[in-house]
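Enquirer: Fold the following, please.
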Amino acid sequence: MGRHSLPDQYGAGRSDPRPRARRRPVAVATALVLTVAGGTAAAARSGLLSFGPSCRDDPLRLTLAASPDIAPALTTAAQQARSDEITSDGRCLAVTVTARDSYKVADTLAAGRRTDAQLWVPDSDVWVDRITANNSAVEATPAGTIASTPIGVAMVPRAAKSLGWPRKTYSWTELAGAAMQGDSLKLGAADPARSATGLLALTQLSAAAAGTKDGDTQAAAMMKALSQRTSDTDGQVVDTLPRDSSGTELGNPKRNQALVLSEQAAYAHNSSADSGTGLDMFYPKDGSPRLDYPFTMVGELTTDQSRAALRFMNYLRQPAQLRLLHQHGFRASEDETPTAVVAKAGGSSPQPYADDPPKPAPAVALQEALGMWTITVQSARITTVVDASSSMSEQVPGTGQSRMDVTKGSLLQALATFTPEDEIGLWEFSTKLDGDKDYRVLVPTERLGDRTGGGTQRDRLSTAFGRLKPVPDGATGLYDTTLAAYRAATSSYARGKFNALVVLTDGVNQDPGSISRADLVSRLQKLTDPERPVPLIMIAVGPDADRAEAQEIAKATGGTGELVSSPSQIQSVILKAIVTAGSQGDN
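Expert: This next block holds a predicted model:
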């Protein structure tokens, strides 16, 4: 049998009904669910549920790391399973549940480091996807979801009433907009880099803003406003609510009257004896994304451990345990709406709390939202270096545009996501553009909001992007340009900002008089300072570019090298690289 092999007839939990096209282990998870579909009765007939002295004397021990919100329910379920003498192959299940923040477990596994847990229930599959996208990560195999809870905006009653709750419904952008109008309503959220609740809501907000005029700019503005009132975790954001309904607490500028929150978190708050004031729940009319709690096996489990893990998951799907999930404020599946849970969480008709959730956001949308958040929360200093060799005049298939035209359009889109506090500059390169130099500084790296003459730095960059054009017969002076640009970026390092160098090229080095690749890598390594990090983001564009070379050169600085088939992908890759570099810096 394989790492997570199962008995032929085995009761298991319900699989996640949503498509998971982007997840690597989906075939494995599907096979698990199909294998276990035989049911508990068949398992009992095969002897898997037999009882005996070894149940008490020799239990099969498993450690389960669970998101803090669902850990209490799983702890109770694990204790009850032991009390009920639930067995796998005649041995009692002894499951120890520990509460661990999902992002911390995900960071550990993504870095290839093991944990002491064989099982993991994060609050969302976004964490599992982050791991399975990394080939060097510890294997994480989801086998189905065990609970769900929608995400909305919870408010103290006075604030909710002022917005017409529950009769009036709002979209995500309308709710965010209401929170940004004046100081009467302050909206808090958990950091999307550490909270699936924050990330899923942010992605929904970004998608909604994208459908409006100047959507990117509006989304960046809303993120900037939201970033002023973020907390590190979901638990901490609840602590920012007023302690009671007194005017002093409600008027405290450090308190939030509204929170981006899951239904379960609102339920838990409203159920607590010391909550001070209850919350009313808005469910946005354009869809409430949901946390889905995937039951995940971690690393190389033995056959016995795999069978026991699925036995415990099956136990969680039994009626008594579903009632336990409801008692802790969870929905047991995405197609049910327990009225008692909704009412305790502050939901009331006609809020659309029973509507189907929106389709799961694709990985690229999540990455772009997190990238925009990263560069919005922490101001950036980024110099962009663009290949202007003659090959950039070649057409991109199916577009009717040249590589340079599509590159310019993508760079202008990326520029719209930066704020006036960010510092952005532009170089171009080919060969012999400025005397013997292969590069030319078109716009020095300065603050976008700075004004010189009749316009701002953003205006100057927009104009410079628009004027980029390939140099006739120009070759690719990649190595000398990269070294010069990196030397300039490190020497002008701005503390307190995200510093990076972005190099875009559609080919390999074609300057016979330049330094060698080995020499370039060596010099870059010497220029790199962990105390003043400037990751190089090298983007190889099109079929003539060399991804392996881009990765080797960028790696010398702690950066990333990426290959894109079309320049239209540049914006997404830049945002992804920023998030990657930022997370490496946090570690």
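
Enquirer: Val502 is in contact with Thr482, correct?
Expert: No - assessed by Cβ atoms under 8 Å, Thr482 is found out of contact with Val502, at 11.0 Å. For the C-beta atoms, the positions are set from N, CA and C on the backbone; glycine is no exception.

Enquirer: joint contacts of those two?
Expert: 385, 538 (Cβ atoms under 8 Å, 6 or more residues apart in numbering).

Enquirer: what about those two, which has more around it?
Expert: Neighbour totals were compared for Thr482 and Val502, and Thr482 leads with 29 against 26 (other Cβ atoms under 10 Å).

Enquirer: Ramachandran coordinates for the more buried one?
Expert: phi -60, psi -40 (degrees, to the nearest 10).

Enquirer: Spit out the contact partners of it.
Expert: 385, 503, 520, 524, 536, 538, 553.

Enquirer: Now do the SS call for the first one.
Expert: What that stands for is Val385. Per DSSP: H, G, I helix; E, B strand; the rest coil, the secondary structure class of Val385 is strand.

Enquirer: burial count for it?
Expert: Around Val385 there are 28 residues (other Cβ under 10 Å).

Enquirer: Hmm, Ala489 and it touching each other?
Expert: No - using Cβ under 8 Å, Val385 is not in contact with Ala489, being 9.5 Å away.

Enquirer: can you list residues touching both of these two?
Expert: Residues touching both Val385 and Ala489 (Cβ under 8 Å, 6+ apart) are Leu501.

Enquirer: Just the buried ones from the contacts of Thr482?
Expert: Buried by 16 or more other Cβ atoms under 10 Å: 385, 503, 520, 524, 536, 538, 553, out of the contacts of Thr482.

Enquirer: And those residues, which is closest to Lys359?
Expert: Taking Cβ to Cβ as the measure, Lys359 lies nearest Met538 of the buried ones among the contacts of Thr482, at 33.6 Å.

Enquirer: bridging residues for the closest one?
Expert: Taking DSSP bridges as the rule, Met538 bridges to Val503, Gly561.

Enquirer: Quick one: residues contacting it.
Expert: Met538 is in contact with 482, 502-503, 505, 550-551, 553-554, 559-562, counting by Cβ under 8 Å, 6+ apart.

Enquirer: Look up how far Ala500 lies from the residue nearest to Leu501 when sequence neighbours are not counted.
Expert: Sequence neighbours aside, Ala489 is the residue nearest to Leu501 in space, at 4.5 Å (criterion: Cβ to Cβ, 6 or more residues apart in numbering). The gap separating Ala489 from Ala500 is 8 Å, by Cβ to Cβ, to the nearest Å.

Enquirer: same check, this time on Val385
Expert: Applying Cβ to Cβ to Val385 and Ala500 gives a distance of 11 Å.

Enquirer: Surely Asp234 and Thr197 touch.
Expert: Yes - between Asp234 and Thr197 there is a contact under Cβ under 8 Å: 5.5 Å.

Enquirer: Need the overlap of contacts for those two.
Expert: Counting by Cβ under 8 Å, 6+ apart, the residues touching both Asp234 and Thr197 are 190, 261-262, 265.

Enquirer: pLDDT-wise, what's the bottom of these?
Expert: Taken together, those show their lowest pLDDT at Ala190, with 93.

Enquirer: For that one, give the beta-bridge partners.
Expert: Going by DSSP bridges, Ala190 forms beta bridges with Ser231.

Enquirer: residue contacts, it?
Expert: Each residue near Ala190 by Cβ under 8 Å, 6+ apart is listed here: 197-198, 230-234, 236-237, 260.

Enquirer: Quick check: closest non-adjacent residue to Arg451.
Expert: Gln457 (8.0 Å).

Enquirer: I'd like the distance between that neighbour and Ala489.
Expert: Gln457 is 17 Å from Ala489, by Cβ to Cβ.

Enquirer: Neighbour count for these two, which is higher?
Expert: Each of Gln457 and Ala489 has its neighbours counted (other Cβ under 10 Å); Ala489 has more, 25 against 22.

Enquirer: what about the more buried one, helix or strand, and which?
Expert: If you go by DSSP states H and E, Ala489 is part of helix 478-491.

Enquirer: List the buried residues for that helix?
Expert: Neighbour counts over helix 478-491 (16+ other Cβ under 10 Å) mark 478-486, 488-490 as buried.

Enquirer: now swap in stretch 114-129 and tell me
Expert: Those would be 115, 117-129, for stretch 114-129 by 16+ other Cβ under 10 Å.

Enquirer: Which members of these occur in strands, if any?
Expert: If you go by DSSP state E, the buried residues of stretch 114-129 have 119-121 in strands.

Enquirer: right, and out of the residues you listed, which lies closest to Glu531?
Expert: For those, the nearest to Glu531 is Trp120 (34.3 Å; Cβ to Cβ).

Enquirer: Am I right that the closest one is in contact with Val105?
Expert: Yes - judged on Cβ under 8 Å, Trp120 makes contact with Val105 at a distance of 6.0 Å.

Enquirer: As a check, name the ranges of all helices in the stretch 201-350 of the chain.
Expert: With DSSP state H, counting those that start in this stretch, the ranges of helices along the stretch 201-350 of the chain come out as 215-227, 234-238, 247-250, 263-271, 303-316, 319-327, 339-345.
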